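Asker: What follows is a predicted protein model with its sequence.
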Amino acid sequence: MKLRSALQWLTLDHLLVALFFLLITTAAGATTGFDGDTWWQLRSGQLTWQSGFVWMTDPLSVTARGRPWPNHEWLSQILFYGFYRLGGAPALVALAAAIITATWVAIIRLCTGSPRIWTPLLAIGVISHSIVWSVRPHLFSLLGVAVLLLLLRYPRAQISIPPLFLIWANLHGGVAFGGAILLVGAASALYDDRRFWPRWAVLVAASALATLCTPMGIGLWGFALSMVAHPETTYIREWLPPSINWPVSYPFFLLAFVWVAVLALCWRDLARRLVSDDRAWTLTLLVIGLAMLSMGFRAIRHTTLFTLVALPLICDLLRYLDTSVGLKKGAEHASPTHPLAEYVSLKRGIGHAIGLVLAGFLALALVIVSWSEQESRIRPLSDGAIAAVRACPGTLYNTYTLGGPVLWFIPERLVFVDSRNDPYPLDLLYDAVRVEQSGSYADLFARYHVNCAIVGRRVPLATTLAAAPDWALTYDGDQVLVFAHK
């Protein structure tokens, strides 16, 4: 009987939701990768794990050792390192896939109407969201935004908002986005009914105090605000604005167009919602959507935030397009008590179950094929490159993106620079990138007495060092080269 009930429950709408989650989990497991940030996050987590305290000054570089390091992601680093110890790189990817899937569970909980209407739109959102799928703490902030929206939607759950901020503030500095969303939600609720101002005052105050319970204290908010116009936004790719010449921007452009078009086409329904019982929630989504749309046009990394806040409002406004509402014809739409209706629903359920099982096997095959090449995905430094660096004494120069891998795979060596950015003087970061791209290394190398260098094969500095008479090539790999001063 339980099997029969489950098959009858597996309607087309439920099948679409199940396939959607299967798509997300499969795509996340097959495509989530490691970048330079992943490796220094692991190294930082290892330091905290072994030392028992959170490092707030730099212990990892030769150029910024002892300088302040706003380590706002310490809890994420411990989680990453713990999962890596348990199951290596596959465990980390599984954790990232679980975070991504949980984010979309929260968003789907906010979507009303039939899945036949909103699953195609959510598929566009997933593509836009996937540009940041890597093992990095910002995934926790995306999950935090989705969970916060879910808590704001249901008043009985709002007591969980301060604990959410406590955990979020120790996972990632993106909790600042949560603070802005909470303020908008509180203002919208008070606009709807001012009698509840004591409750919202307590929620906002408790959430603000929770964010102070971090190793950075009030400094976390100073750091978050500084990122609005931080110099690194001018040279790091993910901080650049989306562009028509940048294909990864297209899903954001498409979703932004759909969002604006739905608001324009459904403006009457939107106006009714703004004077209905749901006006506080609708106003919250509208204001946050406009803010995140503006931020998305400023930096590609913020387009994912717009994705999360845009979809619930689109789903709400498109409910009237649900073709499942209206007059039904045919035996399959007969009364649920009709014998033929039960037979048809069971038959369809069996067909849907077979399709779901086949899709599951296909998804598993895709993940296995993807992970058959895991060595090239997660191993940026070969054993030969590691041995060559270890054999070279003296100060090591590394290019910007190789700093993280060096920190993890050659932990006994101090790096020159890495993508943590914050501990390093800005002039040094500019000089290091300029040397990497121009090949004019002499002044910088002399200033820091550089005797070894590990560089990407395709950067101009590699060509310059290979032609220099006083430098010897000690390792020649597909991705990196190692040089030693003669």
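Answerer: Structure's in. What do you need?
Asker: Quick check: which element contains the residue nearest to the spatial centre of the chain?
Answerer: Against the mean C-alpha coordinate of the chain, by CA atoms, centre = their mean, the closest residue is Leu139 at 3.3 Å. Using DSSP states H and E, Leu139 sits in helix 138-153.
Asker: Any figure for the gap between the residue nearest to the centre of the chain and Thr63?
Answerer: 29 Å (CB to CB, to the nearest Å). From N, CA and C alone the C-beta is placed, and that goes for glycine too.
Asker: quick one: contacts for the nearest residue to Pro393 once chain neighbours are set aside?
Answerer: Spatial nearest neighbour of Pro393, chain neighbours left out: Asn451 (6.5 Å); criterion: CB to CB, 6 or more residues apart in numbering. Shown in contact with Asn451 (CB atoms under 8 Å, 6 or more residues apart in numbering): 392-396, 484-485.
Asker: State the next helix or strand along the chain beyond the worst-scoring helix or strand of the chain on mean pLDDT.
Answerer: Sorting the helices and strands of the chain by mean pLDDT, DSSP states H and E puts helix 2-9 at the bottom, at a mean of 54. Of the helices and strands lying after helix 2-9 in sequence (DSSP H and E), the nearest is helix 12-31.
Asker: how much does that next one deviate in direction from helix 138-153?
Answerer: Inter-element angle recorded for helix 12-31 and helix 138-153: 160 degrees (by axes from the mean of the first three to the mean of the last three CA atoms, to 10 degrees).
Asker: and Pro241, which of the three is it?
Answerer: Classification of Pro241 using DSSP: H, G, I helix; E, B strand; the rest coil returns coil.
Asker: ugh, typo on my part, it should be Thr474
Answerer: Under the three-state scheme (three-state DSSP), Thr474 adopts strand.
Asker: Could you do Ser76 as well?
Answerer: helix.
Asker: ok, it to Gly174 distance?
Answerer: In terms of CB to CB, Ser76 sits 11 Å off from Gly174.
Asker: Check Asn421 too.
Answerer: 16 Å.
Asker: low pLDDT regions in the stretch 151-300 of the chain?
Answerer: 228-235 (pLDDT under 70).
Asker: where do the helices sit along it?
Answerer: For the stretch 151-300 of the chain, applying DSSP state H, counting those that start in this stretch gives helices covering 161-171, 175-192, 197-210, 219-226, 250-265, 267-273, 279-298.
Asker: Which one of these lies nearest to Val435?
Answerer: helix 219-226 (26.2 Å; CB to CB).
Asker: what residues does the closest one touch?
Answerer: 70, 72, 169, 173-176, 211-212, 214, 216, 422.
Asker: The residues you listed, buried ones only, as a PyMOL selection?
Answerer: Only the buried entries of these go into this PyMOL selection, using 16 or more other CB atoms under 10 Å:
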select buried, resi 70+72+169+173+174+175+176+211+214+216+422
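Asker: Could I get the average pLDDT for stretch 129-148?
Answerer: For stretch 129-148, the mean pLDDT works out to 92.
Asker: how long is that stretch end to end?
Answerer: 18 Å (CA to CA, to the nearest Å).
Asker: The chain should start at 40 in everything you say after this.
Answerer: In the new numbering, first residue 40, that becomes stretch 168-187.
Asker: List the buried residues in that stretch.
Answerer: In stretch 168-187, counting by 16+ other CB under 10 Å, buried: 168-187.
Asker: any idea where the helices of the stretch 390-525 of the chain begin and end?
Answerer: According to DSSP H, counting those that start in this stretch, the helices that the stretch 390-525 of the chain contains are 413-417, 422-430, 442-448, 465-477, 481-486, 499-506.
Asker: If you count neighbours, what's buried in the last one?
Answerer: What it means is helix 499-506. In helix 499-506, counting by 16+ other CB under 10 Å, buried: 500-501, 503-504.
Asker: Check what pLDDT Leu360 gets.
Answerer: 53.
Asker: picking up where we left off before, show me the one of the helices of the stretch 390-525 of the chain that comes nearest Gly84.
Answerer: Using CB to CB, these put helix 442-448 closest to Gly84, at 10.1 Å.
Asker: got the contact list for that closest one?
Answerer: 74-82, 99-100, 419-420, 425, 428, 435, 437, 452, 454-459, 493.
Asker: Check stretch 464-483 too.
Answerer: 102-103, 106, 270-271, 274, 436, 438-439, 455-456, 460, 489, 492, 494, 498-500, 502-504.
Asker: out of those, which are buried?
Answerer: 102-103, 436, 438-439, 455-456, 460, 489, 492, 494, 498, 500, 503-504.
Asker: ok, back up a step: point out the most buried one among the helices of the stretch 390-525 of the chain.
Answerer: helix 442-448 (a mean of 24; mean count of other CB atoms under 10 Å).
Asker: send the alpha carbons of that one over as PDB?
Answerer: Only the C-alpha atoms of helix 442-448 are listed here, as PDB (Å, rounded to 0.1, in the frame of the first residue of the first chain):
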ATOM      1  CA  GLY A 442      50.000  31.100  -3.800                       C
ATOM      2  CA  GLY A 443      47.100  29.000  -2.500                       C
ATOM      3  CA  PRO A 444      48.400  25.700  -3.900                       C
ATOM      4  CA  VAL A 445      51.900  26.400  -2.600                       C
ATOM      5  CA  LEU A 446      50.500  27.000   0.900                       C
ATOM      6  CA  TRP A 447      48.800  23.700   1.000                       C
ATOM      7  CA  PHE A 448      51.100  21.400  -1.000                       C
END
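Asker: Can you report the mean pLDDT over the residues of it?
Answerer: 95.
Asker: What of stretch 65-73?
Answerer: So the average pLDDT for stretch 65-73 ends up being 83.
Asker: do the same with stretch 80-100
Answerer: Here the average pLDDT along stretch 80-100 is 94.
Asker: CA atoms only: put it into PDB for me.
Answerer: What follows is stretch 80-100, C-alpha atoms only, in PDB (Å, rounded to 0.1, in the frame of the first residue of the first chain):
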ATOM      1  CA  GLN A  80      41.400  28.000   3.100                       C
ATOM      2  CA  LEU A  81      42.500  24.500   3.800                       C
ATOM      3  CA  ARG A  82      45.900  25.600   5.000                       C
ATOM      4  CA  SER A  83      44.200  28.200   7.300                       C
ATOM      5  CA  GLY A  84      41.800  25.600   8.700                       C
ATOM      6  CA  GLN A  85      44.800  23.300   9.400                       C
ATOM      7  CA  LEU A  86      46.500  26.100  11.300                       C
ATOM      8  CA  THR A  87      43.500  26.800  13.400                       C
ATOM      9  CA  TRP A  88      42.900  23.100  14.000                       C
ATOM     10  CA  GLN A  89      46.500  22.500  15.100                       C
ATOM     11  CA  SER A  90      47.000  25.600  17.100                       C
ATOM     12  CA  GLY A  91      43.600  25.900  18.700                       C
ATOM     13  CA  PHE A  92      43.100  29.600  18.000                       C
ATOM     14  CA  VAL A  93      42.100  31.800  15.100                       C
ATOM     15  CA  TRP A  94      45.100  33.500  13.400                       C
ATOM     16  CA  MET A  95      44.400  37.300  13.000                       C
ATOM     17  CA  THR A  96      48.000  38.100  11.800                       C
ATOM     18  CA  ASP A  97      49.700  36.600   8.800                       C
ATOM     19  CA  PRO A  98      51.900  33.600   9.400                       C
ATOM     20  CA  LEU A  99      52.100  32.300   5.800                       C
ATOM     21  CA  SER A 100      54.000  34.800   3.700                       C
END
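Asker: domains of the protein?
Answerer: For the chain, automatic domain parsing gives the domain ranges 109-360, 374-413, 419-524.
Asker: So for the second one, mean pLDDT?
Answerer: The one in question is domain 374-413. 56.
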